[in-house]
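# Pasted the sequence and its predicted model underneath.
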Amino acid sequence: MQSFEPRPPGLLRRSFVRYGIRFFVGSYLRVRHEGFATLPEPPYLLNFSHPNWVDPFLLASHWPRKDALFIFGPKEEDMNSGWRNMLIRWSHMAVPFRPSKTDLIDTTRRATSVLKAGYVLALAGEGRLSDREGEIVPLEDGSAFFALRARVPIVPMAVIGTRWLRFGKTVTMRVGPAIPTAGRRPDREAVADLTAQLQEAMERLLVGVEEEPPPGRFGRWLTDVFNERPWLNQQNDAGPQSPGDARR
C-alpha cells in the first residue's frame with residue numbers, strides 16, 4: 001500500500017466533495033443534523049454507525065463543520081481500481097487499510113497521524129454494515145485503540161434513516177457527547193472498557209428509532225447497489241433462523 005500523509009484536500013477537491021457530491025445526495029435525500037453544537041474542537045475520533053454504503057458520502061458532503069475530516073476506509077487492497085476507490089483517493093479524505101489486516105502497524109500509524117495532526121478521523125466502528133435501523137452491531141476495538149493511542153476524545157454519531165433509501169426521505173446525523181480518554185493507557189483493559197462505554201453511547205443515540213418497511217423497487221435497488229452483506233446470503237442458504245440469530 002502506498003505511503004499515507006494526512007493532507008487535507010485543496011479548494012478544488014474540497015468544493016467538489018462538498019458541493020458536487022452534496023448535489024447528488026441532496027437530490028434524493030434530505031439531511032438533518034442533531035447535537036452538533038456539543039462537538040469539541042479537533043482533534044477527535046468520530047465513531048459513526050453504518051447502515052448503508054451512502055454513509056461515508058453523507059459525511060463527506062454534509063459535514064457541517066469546517067474542520068478537516070478524514071474517513072477510515074474503505075478496506076481495499078488496491079485503491080487505484082474502481083470509480084469509488086479512485087474518487088475517495090482523489091478527495092484526499094480516505095485513510096485506507098488492507099482487508100487482510102497484514103499491515104496493522106502501518107494502519108495504526110496512518111490513523112493516529114491524522115489525529116496527531118489536529119484533524120478529525122471518522123470511523124465506522126462496527127466493522128461492517130448494520131442490518132437494522134435502530135441497532136448497533138457489537139463494536140470492534142479499533143476506535144477505542146486509535147483514540148487512546150492518539151490521546152483524543154471519541155464522539156459517537158448515529159446515522160439514522162439510511163438502512164432503506166427512499167426519495168425525499170430525511171436522514172439524521174445525530175451526535176452524542178464526547179467521551180474523554182485523558183488519563184487512560186492504550187492497554188487491553190482500557191480498550192475493552194472504552195469500547196463498552198462507546199457501545200452504550202451509540203445505543204443511546206438510537207433509542208426510539210424504529211425499523212421501516214422497504215421502499216419500492218428503485219429504492220431497494222439503490223439501497224443495496226453497493227452494499228456488501230454476504231452473511232445475509234449465508235443465512236438464506238442455511239434456511240430460516242431465529243430473530244436473534246439473524247442479527248449476529
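Yep, that arrived.

# When you work out contacts or count neighbours from here on, use the C-alpha atoms and nothing else.
Will do.

# Tell me which residues touch the residue nearest in space to the middle of the chain, please.
With distances taken as Cα atoms, centre = their mean, residue 124 lies nearest the centre of the chain, 3.2 Å away. By Cα atoms under 8 Å, 6 or more residues apart in numbering, the residues touching residue 124 are 47, 48, 49, 50, 72.

# So for it, what's the pLDDT?
pLDDT for residue 124: 92.

# Over to residue 241?
At residue 241, pLDDT is 47.

# and what of residue 211?
Residue 211 carries a pLDDT value of 89.

# pretty sure it contacts residue 132?
Yes: the criterion here is Cα atoms under 8 Å, and residue 211 meets it with residue 132 at 6.5 Å.

# Of those two, give the one with the bigger neighbour count.
residue 132 (17 against 13; other Cα atoms under 10 Å).

# who's in contact with the more buried one?
Here residue 132 is in contact with 51, 163, 211 (Cα under 8 Å, 6+ apart).

# did I read that right, residue 138 in a strand?
No: counting by DSSP: H, G, I helix; E, B strand; the rest coil, residue 138 is not part of a strand but coil.

# Not counting sequence-adjacent ones, nearest residue to it?
residue 126 (6.1 Å; Cα to Cα, 6 or more residues apart in numbering).

# same thing with residue 166?
Per Cα to Cα, 6+ apart, closest to residue 166 is residue 219, 5.3 Å.

# ok, the one you found to residue 131 distance?
In this view, residue 219 and residue 131 are 16 Å apart by Cα to Cα, to the nearest Å.

# which of these two has more neighbours?
residue 131 (18 against 15).

# Which of the contacts of residue 132 sits closest to residue 202?
residue 51 (13.2 Å; Cα to Cα).

# Tell me which helix or strand residue 170 sits in.
For residue 170, the host element (DSSP states H and E) is strand 169-175.
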